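**Student:** how would this look folded up:
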Amino acid sequence: MGPGSRNSLRRSTVIVMAAATGTTVASDYFAQPLLPLIGRDLHVGSGTAGLVVTVAQLGYATGLILLLPLGDILDRRRLVVGLSVATAAGLVWFALSGSTAVLLPAAAAVGLTTVLAQILVPFAASLAADHDRGRVVGTVMSGLLIGILLARTVAGVLAQLGTWRTVYLVAAGAMLIQAVVLATRLPAWQHAHDLRYRQALRSTIALLAEEPLIRLRSAFGLLGFATFSVLWTSMAYVLADRYHYGPAIIGLFGLAGAAGALAATAAGRRSDRGKLRSSTILATLLLTVSWLPLWLGGRSVVALVIGIVMLDIGVQALHITNQGAIYRIRPDARSRVTAVYMTCYFIGGAAGSALSTSVWATAGWTGVSALGATFAVLSAVLAATAARSSRLRHVEQVAAVPAGPAG
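**Tutor:** Numbers count the residues shown, from 1 in each chain. Next comes the predicted model:
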């Protein structure tokens, strides 16, 4: 099946793809509410335990560079099925690890293979009609965000019922079931060109130099996910140390962030209407303002929940707006465009996670809040600059044209 075949995308297929992105990406986030448990079990401090999240995100970024371009070369259905099985193997490795020397490579392997979530996003974008692409991408990305956030809830409950290792063994089984579902429900899809792997890698790097829109939107993605990771990496510590919550209660805080998924479809529709600039400004302002209640969350659970909801809505709206912009260019290279954007995105996440654990150890929740607010303010400054600069407005002009009905 090639790029011209759009009738294959049914609503049920979109739901399957959304569920698969959520199940997959959850594997990278189970550890966040479990860090205190993992640290105690392996007899390491919070800084070392926190490396699990950082290493997983670095593995993810590596997979984006090395594996995601394959989505423009190979049959995407076979690729995502194979990566589902590989992720299951990595999760078993993680569950059976007895030391950080074994655990950290396992985390990197899981991060590497779970890039299949990002293969599914451009896959959905390619199958969608032009006038409906933003909504479809928004729906699939809703699944991804729900997976990120509910991973904490599921991990907390399963760890309470068993151990932190139980979480990863159950997840491995879920990935094997997912592989079967994807193999039976997704259409075959492969671009009709003779692009080779080395050419794909070179062209992926070249996209960053050739497309200023990708550079701009990648910068927004980096800053947005950095502030997101600052919060979620250290929040388990403040909930465990200051409020004395167990893993099940800590995991439930992921439900508060699930409100961000509601922003996905709305942001996708605004993208279809070309409202990129106003969406970006609103999202970055929400990110910035959210850190006031988050900071107060060190003394008030209610304030913390309010801040979580605000931040996650802002992050999701910004992310969908970014993708709505970049998917309007280079339709034959959507996997490679995604690779560039998401690599920058997860570099921001890895930086936010690493800095968050370090700052928590030295400056506590106030320091973490200041760090997260710094990334958010930088994103708002970039949005204001892009709105006022004639050169940057010109860069986004093509992406800001509303999509019309498919011809």
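
**Student:** Can you pull out the low-pLDDT segments for the stretch 51-200 of the chain?
**Tutor:** Regions of the stretch 51-200 of the chain meeting the criterion pLDDT under 70 cover residues 190-194.

**Student:** Let me see the ranges of the helices in it.
**Tutor:** 76-95, 100-113, 116-127, 133-161, 164-185, 197-210 (DSSP state H, counting those that start in this stretch).

**Student:** Is it possible to get those helices out as CSV so that each row also shows distance to Leu286 and mean neighbour count?
**Tutor:** Using the backbone N, CA and C atoms, a C-beta is placed for each residue, glycine as well. Converted to CSV, these look like this (distance: least, Cβ to Cβ, whole Å; neighbours: other Cβ atoms under 10 Å):
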stretch, distance to Leu286, mean neighbour count
helix 76-95, 32, 22
helix 100-113, 28, 22
helix 116-127, 23, 26
helix 133-161, 15, 24
helix 164-185, 31, 18
helix 197-210, 28, 15
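
**Student:** Kindly present those as TSV, with separate columns for distance to Leu51.
**Tutor:** Shown next, in TSV, are those (distance: least, Cβ to Cβ, whole Å):
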stretch	distance to Leu51
helix 76-95	14
helix 100-113	6
helix 116-127	22
helix 133-161	18
helix 164-185	15
helix 197-210	28
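
**Student:** Please identify which of the ones you listed is closest to Leu296.
**Tutor:** With Cβ to Cβ, the closest approach to Leu296 among those belongs to helix 133-161: 21.1 Å.

**Student:** tell me the angle of the closest one relative to helix 164-185?
**Tutor:** Angle between the axes of helix 133-161 and helix 164-185 is 150 degrees (criterion: axes from the mean of the first three to the mean of the last three Cα atoms, to 10 degrees).

**Student:** what is the orientation angle of helix 133-161 with helix 116-127?
**Tutor:** Using the same axes, to 10 degrees: helix 133-161 against helix 116-127 is 160 degrees.

**Student:** could you say what helices and strands helix 133-161 packs with?
**Tutor:** When contacts are defined as 3 or more Cβ pairs under 8 Å, 6 or more residues apart in numbering; DSSP states H and E, helix 133-161 packs onto helix 11-26, helix 31-42, helix 116-127, helix 164-185, helix 247-257, helix 262-272, helix 301-326.

**Student:** just to revisit the earlier point, out of the helices of the stretch 51-200 of the chain, nearest to Pro247?
**Tutor:** Here helix 133-161 is closest among the helices of the stretch 51-200 of the chain (Cβ to Cβ), at 4.4 Å.

**Student:** So what's the gap between that closest one and the chain middle?
**Tutor:** Between the centre of helix 133-161 and the centre of its chain there are 10 Å (Cα atoms, centre = their mean, to the nearest Å).

**Student:** what does stretch 340-360 give?
**Tutor:** With Cα atoms, centre = their mean as the basis, stretch 340-360 stands 11 Å off its chain's centre.

**Student:** quick one: average confidence on it?
**Tutor:** Stretch 340-360 comes out with an average pLDDT of 89.

**Student:** What residues of that stretch count as buried?
**Tutor:** Buried positions in stretch 340-360, judged by neighbour count with 16 or more other Cβ atoms under 10 Å: 340-360.

**Student:** With Ile65 as the reference, measure out to Arg202.
**Tutor:** Taking Cβ to Cβ, to the nearest Å as the measure, Arg202 and Ile65 are separated by 12 Å.

**Student:** same question, Ile73
**Tutor:** The gap separating Ile73 from Ile65 is 14 Å, by Cβ to Cβ.

**Student:** the more surrounded of those two?
**Tutor:** Ile73 (19 against 16; other Cβ atoms under 10 Å).

**Student:** Could you pull up the contacting residues of Leu120?
**Tutor:** When contacts are counted by Cβ atoms under 8 Å, 6 or more residues apart in numbering, Leu120 touches 17, 20-21, 24, 80, 140.

**Student:** For my notes, please list those residues in TSV and give distance to Gly224 for each entry.
**Tutor:** Listed next are those as TSV, based on distance: Cβ to Cβ, whole Å:
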residue	distance to Gly224
Met17	23
Ala20	23
Thr21	18
Thr24	20
Val80	25
Val140	18
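
**Student:** which pair in the residues you listed spans the largest distance?
**Tutor:** Within those, Val80 and Val140 form the most distant pair, 12.5 Å apart (Cβ to Cβ).

**Student:** How confident was the prediction at the spatially closest residue to Ala49 that is not a sequence neighbour?
**Tutor:** Leaving aside its chain neighbours, Ala49 sits nearest to Gly39 (3.6 Å; criterion: Cβ to Cβ, 6 or more residues apart in numbering). What the model reports for Gly39 is a pLDDT of 87.

**Student:** Identify the residues contacting Gly39.
**Tutor:** 45-46, 48-49.

**Student:** Got a PyMOL select line for the buried ones in those residues?
**Tutor:** Typed into PyMOL, the line below selects the buried ones among the contacts of Gly39, using 16+ other Cβ under 10 Å:
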select buried, resi 46+48+49
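
**Student:** Closest to Arg388 out of the contacts of Gly39?
**Tutor:** Nearest member of the contacts of Gly39 to Arg388, counting by Cβ to Cβ, is Ser46, at 41.7 Å.
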